[in-house]
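# Sequence and predicted structure are below.
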Protein chains: 2
Amino acid sequence: MIIKPKIDNTKLTKRIYGYDEELKRKIIDVIEEKPLTLYLNSQEIVTMMTINDYPEYLAIGYLLNQNMISRRIKIEAIDYEPDINVVVVRTKNKTNFEAKLKKKTITSGCAQGTLFGDVMENFDKVKLNKKISLKKSWILDLSKKINTTPSLYLKAGAIHGCVLCKKDKPLIYMEDVGRHNAIDKIAGYMFFNKVVPDDKTFYTTGRLTSEMVIKSVNMKIPIVISRSGFTAAGVELARKANLTLIGRAKGKRFMILSGEKRIK
Amino acid sequence: MIIKPKIDNTKLTKRIYGYDEELKRKIIDVIEEKPLTLYLNSQEIVTMMTINDYPEYLAIGYLLNQNMISRRIKIEAIDYEPDINVVVVRTKNKTNFEAKLKKKTITSGCAQGTLFGDVMENFDKVKLNKKISLKKSWILDLSKKINTTPSLYLKAGAIHGCVLCKKDKPLIYMEDVGRHNAIDKIAGYMFFNKVVPDDKTFYTTGRLTSEMVIKSVNMKIPIVISRSGFTAAGVELARKANLTLIGRAKGKRFMILSGEKRIK
């Protein structure tokens, strides 16, 4: 595994007291979450709650997955300012997104919701790798390997995990308070390290909603596995994109919702 | 129970096929999620993914919980347009929020993230009811009653539940794809039906993050129970507001993180 959960990083968890059902005082570990405000050049974009282990990956991954910057963009610098919880992504030229946002703000103020259309336009163009296949046994192996890896989830709970895998090997294991942050950090890692997506599998502990499917497809990852459930819209979009979507992967059980031809 | 999950509403779930781990074709029920775009007067606010059972409650609850409108506001109309997935909240006078947003958009474009400061200002002013108490047995009773009530979760999974309770009685049981939508729908219901918050308990299936604690406090509900975990920031805010916060309520076990004086 290239990136593992940092269970020994004392900035990510905090030791607090609580009372159990017998009203006995207990000491437990809990996850720290912090606000992080993202700027694209001089444009404030969003404030996210995050465990803040990889602010740079999260920043770039968020902008990529919201289609606010393109995968071909030239990044000049990413400045993370820990004292004020701010991360600034600087690009050489003004991005297309800023022009759109400026136009939009004149008419309606907040453009974030309305960028959804753009994301879908990109979605329709993506062709996922048809040649890659996944052995049934790999699904069980991946689940087992991921769930037994020491993690912040096992230490403190209340956190989602996302793992980029190849065949039956977990490679990049990211955790965060929001399942979207975890996938965005993986997208940021892949961008910086020029990771090829089309022979990869994406594992998540979170539910397979439409947004998770859209992100996976826009990242060009052909196979997605989750130990949680799925929504009708998530399944529909996965079928449209020919994404292999596997949900409820627990113990020896799982359910294939889409792209079953890739399963061997 | 005044509002129960609508398990027989065929618009909320969809019957689809999938393949199990033996590659046998199975028919299953899954949750439908739909985009809903919210306007405050002529101002576009956000597009949410929701099961869309109560668009009016969701719209008002969202605006209240984001501190975009005040609890004293006069609502002139709420127009829900199902054909274009739009809900418009019309107020008699322009709201304070619109003035702020206008000022903000001139300088930075998207103001949603930066309204966080306003929400916290309100948080610091709230005084939660100190006189209300909760019997230990009610925590177990509430969990049992809620978890055995027929729900979309039991039917189709991939959905969160939030329940407004009084003593050991669940009253308003809302479900949605996002845990935030479920609590916002309860806030909307409480606003329209003038429900007094300070003798109520709020039960959620979702995690107790800072945002959930902030919402509960701003809704003036003194007790919150979750079957999931909690974050350090959530616990810290709950202690600051003297909110009774109970997490990991499963079977006969639970953990009290804050406001333990209300437990009898």
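On my side now, so go ahead. Bear in mind that the values here come from a model prediction, so they are computed numbers and not experimental data. Residues are numbered from 1 along each chain as shown, chains lettered A, B, ... in the order given.
# in chain A, which spans are helices?
Counting by DSSP state H, chain A has helices at residues A:55-65, A:96-108, A:116-125, A:136-148, A:152-156, A:179-192, A:210-218, A:232-241.
# Tell me what angle the third one forms with helix A:55-65.
Right, helix A:116-125. 80 degrees (axes from the mean of the first three to the mean of the last three CA atoms, to 10 degrees).
# burial count for the nearest residue to residue A:28 once chain neighbours are set aside?
Once flanking residues are discounted, residue A:28 sits nearest to residue A:18: 5.8 Å by CB to CB, 6 or more residues apart in numbering or on different chains. All C-beta atoms are positioned from the backbone trio N, CA, C, and that covers glycine. Residue A:18 has 22 neighbouring residues, counting by other CB atoms under 10 Å in any protein chain shown.
# Distance-wise, check residue A:18 relative to residue B:248.
Shown here: residue A:18 relative to residue B:248, a distance of 9 Å by CB to CB, to the nearest Å.
# who touches both of the two?
Common neighbours of residue A:18 and residue B:248 are listed as residue B:255 (criterion: CB atoms under 8 Å, 6 or more residues apart in numbering or on different chains).
# Which pLDDT value belongs to the closest residue to residue A:119 other than its chain neighbours?
Distances taken as CB to CB, 6+ apart put residue A:67 closest to residue A:119, at 4.7 Å, once the chain neighbours are dropped. With respect to pLDDT, residue A:67 scores 84.
# correct me, but residue A:67 touches residue A:219?
No. Contact between residue A:67 and residue A:219 fails when scored by CB atoms under 8 Å: they sit 11.5 Å apart.
# who touches residue A:17 in this structure?
By CB under 8 Å, 6+ apart, the contact set of residue A:17 is A:25-28.
# Inside strands: which ones of these?
When DSSP state E is applied, the contacts of residue A:17 are split such that A:25-28 fall in strands.
# Pick out the most distant pair among the residues you listed.
Among these, the pair separated by the greatest distance (CB to CB) is A:25 and A:28, at 10.4 Å.
# what about the two, which has more around it?
Set residue A:25 next to residue A:28 and count neighbours by other CB under 10 Å: residue A:28 wins out with 21 against 10.
# For that one, which residues count as its bridge partners?
residue A:16 (DSSP bridges).
# same thing with residue A:258?
Applying DSSP bridges, one finds that residue A:258 bridges with residue A:245.
# circling back: I'd like the contacts of residue A:17 written out as a markdown table, with pLDDT added.
Conversion of the contacts of residue A:17 to a markdown table gives the following (pLDDT from 0 to 100):
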| residue | pLDDT |
| --- | --- |
| A:25 | 97 |
| A:26 | 97 |
| A:27 | 98 |
| A:28 | 97 |
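# quick one: which of the residues you listed is nearest residue B:186?
Of all those, residue A:28 has the smallest distance to residue B:186: 28.4 Å, by CB to CB.
# didn't the closest one look like it was pressed against residue A:19?
No. Using CB under 8 Å, residue A:28 is not in contact with residue A:19, being 10.5 Å away.
# overlap in contacts of the two?
residue B:255.
# how's chain A carved up into domains?
A:34-125, A:136-262 (automatic domain parsing).
# Quick one: these as JSON lines, columns for mean neighbour count and distance to residue B:208 too.
What follows is those, written out as JSON lines (neighbours: other CB atoms under 10 Å in any protein chain shown; distance: least, CB to CB, whole Å):
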{"stretch": "domain A:34-125", "mean neighbour count": "17", "distance to residue B:208": "13"}
{"stretch": "domain A:136-262", "mean neighbour count": "21", "distance to residue B:208": "8"}
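# mean pLDDT for the ones you listed: which is lowest?
domain A:34-125 has the lowest average pLDDT among the domains of chain A, namely a mean of 82.
# how long is that one end to end?
Taking CA to CA, to the nearest Å, domain A:34-125 runs 36 Å from one end to the other.
# repeat for stretch A:59-75
End-to-end distance of stretch A:59-75 (CA to CA): 12 Å.
# tell me which parts of the stretch 151-264 of chain A are close to chain B?
Proximity of the stretch 151-264 of chain A to chain B, by CB under 8 Å from any CB of the partner chain, involves residues A:156-159, A:177, A:207-211, A:228-235, A:247-248, A:252-257, A:260, A:263.
# These in strands, which ones?
Using DSSP E, A:247-248, A:253-257 are the members of these that sit in strands.
# Can you say which two of those residues are spatially most distant?
A:253 and A:257 (13.8 Å).
# separation between residue A:36 and residue B:206?
Residue A:36 sits at a distance of 21 Å from residue B:206 (criterion: CB to CB).
# no no, residue A:173
From residue A:173 across to residue B:206, the span is 23 Å (CB to CB).
# and if you look at residue A:51?
Distance of residue A:51 to residue B:206, computed by CB to CB: 18 Å.
# now do residue A:12
Taking CB to CB, one finds residue A:12 at 21 Å from residue B:206.
# again, but for residue A:179
Distance from residue A:179 to residue B:206, by CB to CB: 12 Å.
# for residue A:4, same thing?
In terms of CB to CB, residue A:4 sits 27 Å off from residue B:206.
# And for residue A:211?
Residue A:211 sits 17 Å away from residue B:206, going by CB to CB.
# now do residue A:195
Look at residue A:195 and residue B:206: by CB to CB, they are 32 Å apart.
# Might you report the residue contacts of the residue nearest to the spatial centre of chain A?
Centre of chain A computed as the mean C-alpha position; nearest residue by CA atoms, centre = their mean is residue A:183, 0.8 Å away. By CB under 8 Å, 6+ apart, the contact list for residue A:183 reads A:61, A:65, A:162, A:174, A:202, A:204, A:212, A:215-216, A:219.
# Likewise for residue A:37?
Contacts of residue A:37 by CB under 8 Å, 6+ apart are A:44, A:46-48, A:85-87, B:113.
# Now flag whichever of the residues you listed is closest to residue A:152.
residue A:48 (17.2 Å).
# Relative to residue A:199, how far out is the nearest residue to that closest one once chain neighbours are set aside?
Spatial nearest neighbour of residue A:48, excluding adjacent residues (CB to CB, 6+ apart): residue A:36 at 5.3 Å. According to CB to CB, residue A:36 stands 32 Å off from residue A:199.
# Over to residue A:142?
Using CB to CB, residue A:142 is found at 14 Å from residue A:199.
# And for residue A:148?
For residue A:148, the distance to residue A:199 - CB to CB - is 24 Å.
# So residue A:78 is in contact with residue A:60, correct?
Yes. Applying CB under 8 Å, one finds residue A:78 in contact with residue A:60, separated by 7.0 Å.
# between the two, what contacts are shared?
Shared contacts of residue A:78 and residue A:60 (CB under 8 Å, 6+ apart): residue A:89.
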